[in-house]
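Chemist: make a model of this:
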Amino acid sequence: MRTRSLLLAVALALPATAGAAAPAADEEPCTPETGWTDCTPIKIKLEPLTAGDKAVTASTATAILFSPLTAGGPEHVIINDTDGEVVAYDLATGAATTLLKLEGVGSANPERGLLGLALHPNFPEDRRFFTYHLTPRTDEANRECDRMPPFNTKNRDAICAKGELYGCGGSFWVTEWTMGEDPASEPSKRVVLTRLQPGEGHNAGHLLFGPDGMLYLSLGDGGAQMDPCGRGQDHSKVYSSVLRMDVDAEGALAEGNPFIGQEGYDPLIFAYGFRNPWRMWFTATGELIVADTGQARYEEVNIAQAGGNYGWSVRDGTLNHPAKGEAPADDRHTAPLFQYGDGKGKSAPTGGFAIVGGVVQTGSAVPGLNGYYLFADNVSQKMWALDLSASDLTDPSSWNGSAKVHRLEGGKVAASTFGVDADGNVYVGGSGGKIFKVVAP
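Modeler: Modelled structure (predicted):
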């Protein structure tokens, strides 16, 4: 998933508590210059998630949610699978209920499929859930579309225009599904939003309800490598953005969106300038954490604010764009809160390739990690815990890519997504199919 490509309760961003895994306050050296490799590591264990007496697995999990299926009913874990299925497992008995099965969502491209799932904030009393998925391009697009161009292609603009005109990457769909009283019955369907995809890559696709009751969706630039079509800074369309939607409003347009009425901006956009934002999370104080897959040198953790421009494809992390040679970002662009990589390539010191955004732990499974943001890298299979209490999450001028982070040692996984249960404990799904609970060793 080099270019990979929940509605869960809002996490309580509490300060770290005392415990065996808590890092020392005065540890040195522990600096961004070393890629935080000298920070005290925190030991964990990855424990397979079970329902009843069986392990819960998926082709590739893209959401892990916890909720009863009926008011007052038993707790279930709900798994969104890239192959088109949403399956709920009774945690006590292991009984499986298929809530949704979509056909024709897959592709040879590993970033495609059923990529996003969110439960309505009042679920299960309100029996709606929402999905984001991709469908293949049409026969007309197959005839008209060309391979995405490199920067020096003479007819680049024409090829890029075709991508948007014909949907050379197919289409994406945000769909509302309403369950019947019997969760196993076929849900009714309503399309909330659909758009053509200009290319098959960088589809992102996380759905997450915010504390304001609005539905947030992350979208990438549509490809190809290095954004030759310049969609990262084209705010007239929804690509490379986080959208904010009111699922009960006409056209899903949410009141208070920052660009409503501004010429040249799509009014659904909340923030833009992302390359391939894969997984988001809200803190209890309302900060939206967005992990963004970098191009060549850095992987990013961003705090997305209303109206913010996060730089792609003028820059890659805190550096200028690796191919265009443009100047480094100025005040128009917001720096990431944290980035990893050495600024030269996907190697030392941290060995990162493809960030998978995580969640904030508020439970007791790993003492000392409450209030820490846990995230991972799909390719290196490493995991980290970012100390949110060490940064001012409200002050963009302090975000320079060097927030404090600790390696998590004791388990490796090719992560695809994260989840949190009702007790605030963290789970991670792997692209190999397994799903784990993050616990103390």
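Chemist: every contact and neighbour count from this point should use C-alpha atoms.
Modeler: Noted.
Chemist: bridge partners for M245, pull those for me.
Modeler: Taking DSSP bridges as the rule, M245 bridges to L215, L253.
Chemist: what about it, distance to D395?
Modeler: Using Cα to Cα, to the nearest Å, we find M245 at a distance of 25 Å from D395.
Chemist: before we move on, what about G358?
Modeler: Taken as Cα to Cα, the span from G358 to D395 is 21 Å.
Chemist: higher neighbour count, the two?
Modeler: Taking neighbours as other Cα atoms under 10 Å, G358 and D395 compare with G358 leading, 30 against 9.
Chemist: contact partners for the more buried one?
Modeler: Going by Cα atoms under 8 Å, 6 or more residues apart in numbering, G358 touches R279, M280, W281, A291, Y373, L374, F375, A376, T417, F418, G419.
Chemist: not counting its neighbours along the chain, what's nearest it?
Modeler: F375 (4.2 Å; Cα to Cα, 6 or more residues apart in numbering).
Chemist: and E176, helix, strand or coil?
Modeler: Using DSSP: H, G, I helix; E, B strand; the rest coil, the structure places E176 in strand.
Chemist: and it, bridged to which residues?
Modeler: F130, R190.
Chemist: hang on, it packs against T194?
Modeler: No - using Cα atoms under 8 Å, E176 is not in contact with T194; the gap is 11.8 Å.
Chemist: please say which of the two ends up with more neighbours.
Modeler: Neighbour tally, E176 and T194, criterion other Cα under 10 Å: the higher count belongs to E176, 22 against 14.
Chemist: so what's that one up against?
Modeler: R128, F129, F130, T131, K189, R190, V191, V192.
Chemist: the chain: helices as residue ranges?
Modeler: Remark: helices assigned in the chain by DSSP state H are 139-144, 156-166.
Chemist: can you list contacts of the first one?
Modeler: Pointing back at helix 139-144 there. So helix 139-144 is contacted by K162, Y166, G167, C168 (Cα under 8 Å, 6+ apart).
Chemist: which of those has the most neighbours?
Modeler: Neighbour tally across these (other Cα under 10 Å): the maximum, 30 neighbours, falls on C168.
Chemist: do you know how far that residue is from V238?
Modeler: 16 Å.
Chemist: with E300 instead?
Modeler: Noted for E300: a distance of 20 Å to V238, by Cα to Cα.
Chemist: and these two? which has more neighbours close in?
Modeler: Using other Cα under 10 Å, the more surrounded residue of E300 and V238 is E300, with 27 against 24.
Chemist: run a quick neighbour tally on the residue nearest to G358.
Modeler: F375 is flanked by 25 other residues according to other Cα under 10 Å.
Chemist: kindly report the same for P367.
Modeler: P367: 20 surrounding residues under other Cα under 10 Å.
Chemist: that one is in contact with A440, isn't it?
Modeler: Yes - using Cα under 8 Å, P367 makes contact with A440 at a distance of 7.2 Å.
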